[in-house]
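Visitor: Predicted coordinates and the sequence they were generated for:
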Amino acid sequence: MNTDTLPHAPSHAELEEVLASIRIPACPAIVNEVMFEAQRDDPSIKVLARVLSSDVGMSAMAVKLANSPLFGSAAPVRSVQQAVSRLGISNILNVVISVALRNASGNPPTPLMEKFWSRASTLALATGVLARKHVGISPESAYTYALFHDSAIPVMLANFPDYAAVYSTSQDRAAALIAEEQQRFKCDHAVVGWLLARNWGLPPTIAAAIRYHHDPKTYILPKKK
C-alpha cells in the first residue's frame, strides 16, 4: 500500500454519521478469550483447542483450513488439537473471528449469505496460497485480509432491510456498490469494515487495507525519480 497517497481518514463528524446509522456488532467474549491467550508469552495449545472445541462451527472450520492447500501436508488432520498445532496462532484467530462474525451478523442462512461466506473462504484460501509465492506479505496476513475485506456486508444486511437488493444487483460492480451505499445509506462497507476490524482487534495494517480496498489509487506505487 502506498501510504503517501492515502486519502484523509474519516473525520469525527463522518464517523459519527456512520455510527448513527448502523450498529457495529460488539466483539464476542470468545474472541477476547482467544486473543488474550494468543498474546501470552507462551500460549497454550490445549487452551486454544478447548476454546475451538466449544463451538461446532469453529471446530469444523479449523479442521477444514488445516487440511487445505494453504498448508499443503499429505497427512490429514482429524482432530481440533491437531488442527490448532498445524494452523498456528494467527490462523486460529482467523477461524475464531470469522465464525464469530458470521454468528454476530444475525443474518439467516439464506442462499445469498451462503454464497457470500463460501466466496470469502475460497478467496482467502487462494490469496494465502498466492502469497506464498511473493515477498512482502505473509500468507497469514493475506488470508486474513481476504477473509475480512468485505466483512461489513453482512453487517449492512442486518441493519438495512433493502440492502440485499442493492448488494445482489452490484456484486460484479464494486464501484457501483460503494456509490449506491453512500447515496442510500450514508455509509459504505469499506468504512464500516474498517470500524469493525478496529473494534474486533484486527491488525491496524489489515484494518487500513479494508478501509481503502475500493480506492485503487492508494495502491499505485510512486514513480521512481
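Guide: Nice, thanks for sending it over.
Visitor: going forward, measure contacts between C-alpha atoms and count neighbours the same way
Guide: Fine.
Visitor: Next, give phi and psi for C187.
Guide: As for C187, its main-chain torsions (degrees, to the nearest 10) stand at phi -160, psi 170.
Visitor: My guess is it contacts L177. True?
Guide: No - in this structure, C187 is not within contact of L177 by C-alpha atoms under 8 Å, at 11.2 Å.
Visitor: Which residue of the two possesses the greater neighbour count?
Guide: More crowded of C187 and L177, by other C-alpha atoms under 10 Å: C187, with 22 against 19.
Visitor: per-residue pLDDT, that one?
Guide: With respect to pLDDT, C187 has a value of 85.
Visitor: Quick one: the helices in this protein, in order.
Guide: In the chain, the segments counted as helices under DSSP state H are 12-21, 29-38, 45-53, 56-66, 80-87, 89-104, 111-131, 139-148, 152-159, 163-169, 174-185, 189-199, 204-211.
Visitor: just how off-centre is the second one within its chain?
Guide: The reference is to helix 29-38. 17 Å (C-alpha atoms, centre = their mean, to the nearest Å).
Visitor: Just the mean pLDDT for that helix, thanks.
Guide: Mean predicted confidence for helix 29-38 is 85.
Visitor: With the fourth one instead?
Guide: Confidence over helix 56-66 (mean pLDDT, whole number) is 88.
Visitor: Report the contact partners of the residue nearest to the spatial centre of the chain.
Guide: Centroid check for the chain by C-alpha atoms, centre = their mean gives F148 as the closest residue, at 1.5 Å. Listed by C-alpha atoms under 8 Å, 6 or more residues apart in numbering, the contact partners of F148 are S98, A120, G193, I210.
Visitor: cutoff 6 Å now
Guide: Neighbour list for F148: empty [criterion: C-alpha atoms under 6 Å, 6 or more residues apart in numbering].
Visitor: Residue ranges in the chain under the pLDDT threshold?
Guide: 1-15, 17-19, 72-74, 107-108, 171-175, 219-225 (pLDDT under 70).
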